[in-house]
Structure formats: C-alpha cells, structure tokens
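J.: Have a look at this fold, sequence not included:
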Ligand code: TNX
C-alpha cells in the first residue's frame, strides 16, 4: 500500500508509519539524544489541541505559532488551551508545551516525547519550547508545511528527544546594505533560519547604503539609504519598522545584533554628511562592490558625536546584548588612526550598556575582554585573535572559506563571489568551530555565524539559493554535539529536508553532494 492509498483509506498504513519512524533519524541539526520507541506514532486529528502553560504569554505565543502553521495544512481547528497551573494529570489528545526545569539543558534546550496519546515538549524557558517545536515540524510529513489543506495522515513518530545547543551564538548575518531587503523579506529569512535554531542576525550599514533612520541625522537614511549596488533605489528602515523587525525576531527567539561598520565601509555616511570627512567634502554615493576605500575622519570630534548618537539610538532599539561595530578592512585608515578610532568608539559602546562585537581585525588594538571578535579569516591561525582569546575575549567563528554564504558553490554558480574560494556543501560542513583556529578553543568559542553578503543578491530567491543548503550546515555546527559530526549522516538528513523546502517554496541549490529525497 502506498502513501496515497493509505491516506485515501483514512487510516495510516505501514508506509506512513515507516516514513514517520524514519523521520526521527533525519533531523537537522542533529539532537543530543534521539531514542525511537516501538509504539505506534501520535496522529494529529480534528480532536487535537495544543496545550500551553497558564501564565506565560511567550509560551502561549509559541503554541499559537505551531497551531497556526498546522491549521493551514491539516485544516483542523487545533485550539490553543491553557493547562491549569499545578495540574499534573495527563491531558489529551494533544500536543503539550510545558515549562519545567530540566537539569543541564539551559534556556534553549528541550525534551520532546511522542507517544500514541500525544506529544509533550518540556523546556525551562520559552526559547526551548520554540526549538522543540522546530524539531516537531521536521518530525511531521513535509506536507505539514503547506499553506493549503493536504490529505495527511499527520503522524509524529513515537520516541524521546533530548536536546540543547553546543554554542550559545548561532548567527546568520544578512547584509541589507549592499542590496536593501525590506521588512517582509527579513521576516521571511527569520522564518527560515529559525527553523534550524539560528538565533542571531543583521548588517545595517556599508559603503553602498545606510539602512536605519537616525534622529538628528536624517540624511543618513534619506540620502545615504537611497541607493545600492548597481544603482537601484535602496531603502531603509524607519525606527518603527526596525522595532517591528526586532519584535518579529524575538517571537522566533532570534536576537537582532545591529552592525554599524566603521571606520571603513562608511561611504554612505560620508556621502550624507560632508562634515564627517576630513576634507569637509562629501564623496558621491557608491554603487560598486569594492571594499576598503572609505574612512570616517578619526581626528574630528564630530565623528564621535555621530557615533554616540547612532549607537545610543540603536542600543535603545535593540534588546540584545551586543552592538556590532564592524572594524574590518579599514585599508584607508592608518594603523595608528585605527587604534585611536577604536579606542574612542569602544567606550561609547560600553556607555550604552551593550558589549561590542567586531570583526577580528580589531584584535590588534587589544579591545576589552567583553568585546566579542568575529573571525572571518581563511587560515587556521591568527596571532592577534589567539592573543585576545588568551586574554579572555570570546570569538564567533565565521571563516570565509567555510561559513560565508555569499561565496559560490562552484565555478558555475551564477550568484555570489569567490575571493575565499568555492564552498560546496561538504566544505561548509566539514570543519570544527571548536578547533579551527589555533589558540581559540573550548570556552573561547562563543559560536558560529554564516554571513550572507549581498553584493550580488537582489531577490529573496537569490538569498535562498546561497543560504540553502549551506545555512543548515553551519546551524548544525553551532548546535549539535561534536560527537555527532559525520558527513554521511548529515548528507542523508539534509537530503530529507528537500521535500519540505520544496513545499515551503525555498529556492535551494540541489548540491550534487547530497542524496536528495
Ligand atoms: C569581505 S569579510 C567583507 C565584506 C564583503 C565580503 C564579500 C568582511 C568582514 N568584510 O565587506 O561584503 O568580503 O564576500
């Protein structure tokens, strides 16, 4: 009996059950522990409810997201009900999200149990419930992700999953400066990255565009935001729109880390305000793809007034712990000036109450140990970064020849650049953020990031083509225990994501290295 015949008969058959059981071993990122059980699967039916703990608006919102998603494809009512506080009795039939302390799983960890009577996801905090729900989405048939009613049956394989992240920081920087992407696109990307338990995002300014309205400096957005690579119209977020993005990210347990790059990568700001230039002359706006030609004026007091205004406002708009201040490729700033500049900017960040994040170029000025360094190099050694790690700075690993989503897969890839090399799926997966960089191991590693620079990207489909399937590889490096690292296992589990991406309309690169289901 095939899937269609089973579904038509109304009862799940052997094929559906076997497919469900298989899905338990096809998760990305691989959980810490997966134990299948021999019992029948749980079947979502018209009687299924989603239960949430009383008194947590955040947990309730996670339940509403799940119910909303599954109502579209199942056509079932899937009401969201609060479970009375203190009640321990089994309830059902349903999917229960339960807030409960679980030793050693942290705020992002969760435990998922599926049995014929229902599914329970337990976590210490709403973030863990959210991540557990992402796992549940992969346990259901791909058709569950459809926005139209599908036949089912909706089987969740019986089993036990215990899970928590290897690293706290799992980023997916999106460059909205080289080409501007509006709120709807960024929200769509948040949907896609959060399915893989990515939790940090966003690059907001560069030579080609300034993308956030700043009170007191209106020309940054209105003029500096008014173009992009290739000369298109560009755009920017009002502070209201930025708040909307922050809230949307937060509802997906993603933290926005706004990046305002400096002293280089600043032509859009320099073009907007003549006084920011040492010679007092504003350069024209820039729509090419060179790097390293612009610099804020290190000696002028107005430079720091400008930075304080920008960073103060961004700090108030962003609830996360970090402000990213760039610091990369300052080829037009003399070394002594670079040190002076960072020596003035880092205390401004500290005054906002946030910790600074910066590209690892900043390691050479001995930033305070609270500064998180983002490593974008392509070799396994960098003396200043290793020295900073030895002093106590933490490092996010984004080696360009492994983690840069903007690099081409191979010479035939039409989008992207190739200065760091070609990155096929296995290159993106087969490295260890915990030992890649000499002297930066163990607790020095805060996590990973998969930057997506947008020099060549114009549409959401362009973004998806470079991010999928490499983003899930970096997500797994950031989440899964090192002991589970195995290319063959990953390739098979990744291949099983294909049908779901097709249902979701994700324009992915069908890497020839992956056995697509
Ligand atoms: C280098 S690596 C950059 C970006 C470019 C990218 C293109 C780094 C911190 N800066 O400005 O967009 O290469 O791949």
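T.: Cool, got the structure. Just so it is clear, the structure is predicted and the values come from calculations on it, not from any experiment.

J.: can you tell me the helix or strand for whichever residue of the stretch 201-350 of the chain sits closest to the ligand?
T.: Nearest residue of the stretch 201-350 of the chain to the ligand: residue 328, at 3.6 Å (C-beta to the nearest ligand atom). All C-beta spots, glycine's among them, are computed from the backbone N, C-alpha and C. Using DSSP states H and E, residue 328 sits within no helix or strand.

J.: Near it, how many other residues are there?
T.: Residue 328 has 18 neighbours, counted by other C-beta atoms under 10 Å.

J.: Now it, what are its backbone angles?
T.: Torsion angles at residue 328 (phi, psi; degrees, to the nearest 10) stand at phi -90, psi 160.

J.: residues in contact with it?
T.: For residue 328, the contact set (C-beta atoms under 8 Å, 6 or more residues apart in numbering) comprises 261, 264, 265, 358, 359, 361, 376.

J.: what about residue 213, neighbour count?
T.: Residue 213, neighbours per other C-beta under 10 Å, totals 19.

J.: got the contact list for the closest residue to it other than its chain neighbours?
T.: What sits nearest to residue 213 in space, not counting adjacent residues and going by C-beta to C-beta, 6 or more residues apart in numbering, is residue 221, at 4.3 Å. Applying C-beta under 8 Å, 6+ apart to residue 221 gives the contacts 210, 211, 212, 213, 214, 236.

J.: Surely the third one is in contact with residue 237?
T.: This means residue 212. Yes - under the criterion of C-beta atoms under 8 Å, residue 212 makes contact with residue 237 at 5.4 Å.

J.: From residue 34, how far off is residue 142?
T.: To residue 34, residue 142 is 19 Å away according to C-beta to C-beta, to the nearest Å.

J.: Could you find the closest non-adjacent residue to residue 159?
T.: Per C-beta to C-beta, 6+ apart, closest to residue 159 is residue 36, 4.4 Å.

J.: What is the burial count for that neighbour?
T.: Residue 36: 15 neighbours (other C-beta under 10 Å).

J.: Residue 357: how many residues sit nearby?
T.: 30.

J.: How about the one 4 residues further on?
T.: Under the neighbour criterion other C-beta under 10 Å, residue 361 is assigned a count of 23.

J.: and it, backbone torsions?
T.: phi -50, psi -30.

J.: Likewise for residue 304?
T.: phi -80, psi -30.

J.: Sketch out the low-pLDDT regions of the chain for me.
T.: In the predicted model, the chain carries pLDDT under 70 at residues 1-10, 85-92.

J.: Spell out which residues of it are next to the ligand.
T.: 291, 328, 329, 359, 376, 400, 404, 406, 417, 453, 455 (C-beta under 6 Å from any ligand atom).

J.: for these, which one is nearest residue 272?
T.: Looking at the residues of the chain next to the ligand and their distance to residue 272, the nearest is residue 291, at 19.2 Å (C-beta to C-beta).

J.: So for residue 142 and residue 34, which residue has more residues nearby?
T.: Taking other C-beta under 10 Å, residue 142 and residue 34 do not tie; residue 142 has more neighbours (22 against 19).

J.: so who does that one touch?
T.: With C-beta under 8 Å, 6+ apart, residue 142 has these contacts: 499, 500, 502, 503.

J.: From those, list the buried ones, please.
T.: The neighbour count (16 or more other C-beta atoms under 10 Å) marks 500, 503 as buried among the contacts of residue 142.

J.: quick check, nearest of the contacts of residue 142 to residue 151?
T.: Distances from residue 151 to the contacts of residue 142, taken by C-beta to C-beta, are shortest for residue 503, at 13.4 Å.

J.: mind checking the SS state of the closest one?
T.: helix (DSSP: H, G, I helix; E, B strand; the rest coil).

J.: Could you check how far it is from residue 146?
T.: 5 Å.

J.: Which residue, other than its chain neighbours, is closest to the residue in the stretch 401-517 of the chain that the ligand sits nearest to?
T.: In the stretch 401-517 of the chain, no residue comes nearer to the ligand than residue 453, which is 3.4 Å away by C-beta to the nearest ligand atom. Nearest in space to residue 453, with sequence neighbours left out and distances taken as C-beta to C-beta, 6+ apart, is residue 406 at 4.1 Å.

J.: pretty sure residue 262 is touching residue 342, no?
T.: No - Residue 262 is beyond contact range of residue 342, at 9.0 Å (criterion: C-beta under 8 Å).

J.: Quick check: neighbours shared by these two?
T.: Joint contacts of residue 262 and residue 342 (C-beta under 8 Å, 6+ apart) are residue 327.

J.: Wait, residue 436 touches residue 381, no?
T.: No - using C-beta under 8 Å as the test, residue 436 is too far from residue 381 to be in contact (10.0 Å).

J.: So these two - more neighbours on which side?
T.: residue 436 (21 against 11).

J.: end to end, how far does stretch 15-34 reach?
T.: End-to-end distance of stretch 15-34 (C-alpha to C-alpha, to the nearest Å): 21 Å.

J.: What are the buried residues along that stretch?
T.: So for stretch 15-34, counting by 16+ other C-beta under 10 Å, buried means 16-17, 19-21, 23-24, 26-32, 34.

J.: Which ones among these map onto strands?
T.: Judged by DSSP state E, the buried residues of stretch 15-34 include residue 34 as members of strands.

J.: Run through the neighbouring helices and strands of the helix or strand hosting residue 351.
T.: Using DSSP H and E, residue 351 sits within helix 335-352. The contact analysis (3 or more C-beta pairs under 8 Å, 6 or more residues apart in numbering; DSSP states H and E) places helix 335-352 against helix 301-317, strand 322-326, strand 355-359.
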